[in-house]
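Trainee: Structure of the sequence below:
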Amino acid sequence: MDLLMSYIEDYVARPNNTKSKAVFISGHDTNFLAIGRQLNITPLANEMVTYAALVVVELHLINGTHFVEIRFSPSLDDGQLTLLEIPGCANPCHLKTLQNILMGQRLNRIDWELKCTGVGPQAATFDILTGSMILLIAILIIAIVVLSCVALSYRKQLQEFKDPERRRLLPDYPGSVDNAYT
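Mentor: Numbering: from 1, shown residues only. Here you go, the predicted structure:
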């Protein structure tokens, strides 16, 4: 509904020579459901609409005042548009009244991103946490590489120590078991 209201408010704010005659928006059945639930319009709020359903939001200028009407057709084959009533707003609905109804429900871009993606103004905290985790993983990888090198070095030294070709010919002290000359 916020997108529709943005189009309407943009249209009202434009100079007369730049105003479009119509704006067409394509959507899905869930969009109909969202509009119905946000405005508490029963035919749209309670069940999914059929394929090729149509919602028409009309903006009228009557005696210098803007009014909104919402019409619905469950199918393009039907050809009948039913005028829908917005609870708390007479038909046609005064634009200011509709804006007041939606005032607490409309989201700015930051709040919308927070609600839809879970990332909003706290993104800086999220970035710090992500950076800390990447740094911690890098430190762990470096520690694993260093420990692996140390372990391989000790293993090589042990193998060299056990190699009979590299064993000392004379023992370090007399009476040693390795002394071949006793």
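Trainee: Wasn't Leu83 part of a strand?
Mentor: Yes - counting by DSSP: H, G, I helix; E, B strand; the rest coil, Leu83 falls inside a strand.
Trainee: can you tell me which residues contact it?
Mentor: Glu69, Ile70, Arg71, Asn91 (CB atoms under 8 Å, 6 or more residues apart in numbering). No exception for glycine: its C-beta is placed from N, CA and C like everyone else's.
Trainee: most surrounded residue in those?
Mentor: With neighbours taken as other CB atoms under 10 Å, the top of these is Ile70, carrying 25 neighbours.
Trainee: tell me the contacts of it?
Mentor: Neighbours of Ile70 in contact, by CB under 8 Å, 6+ apart: Leu39, Ile41, Val55, Val56, Val57, Glu58, Leu83, Leu84, Ile86, Cys93.
Trainee: Following element in sequence after the helix or strand bottoming out on mean pLDDT in the chain, please.
Mentor: Sorted by mean pLDDT, DSSP states H and E, the helices and strands of the chain end with helix 109-117, the least confident at a mean of 70. Next helix or strand after helix 109-117 toward the C-terminus (DSSP states H and E): helix 123-162.
Trainee: residue ranges with poor pLDDT in this protein?
Mentor: Judged by pLDDT under 70, the chain has its weakly predicted residues at 1, 107-109, 112, 115, 118-126, 166-182.
Trainee: change it to 90
Mentor: 1-61, 64, 70-92, 94-95, 97-131, 155-182 (pLDDT under 90).
Trainee: Distance check, the spatially most central residue of the chain against Ile110.
Mentor: In the chain, the centroid-proximal residue (CA atoms, centre = their mean) is Thr117; its distance is 2.3 Å. For Thr117, the distance to Ile110 (CB to CB, to the nearest Å) stands at 11 Å.
Trainee: list the buried ones in stretch 22-37?
Mentor: Neighbour counts over stretch 22-37 (16 or more other CB atoms under 10 Å) mark Asn31, Phe32, Leu33, Ala34, Ile35, Gly36 as buried.
Trainee: In helices, which of those residues appear?
Mentor: Asn31, Phe32, Leu33, Ala34, Ile35, Gly36 (DSSP state H).
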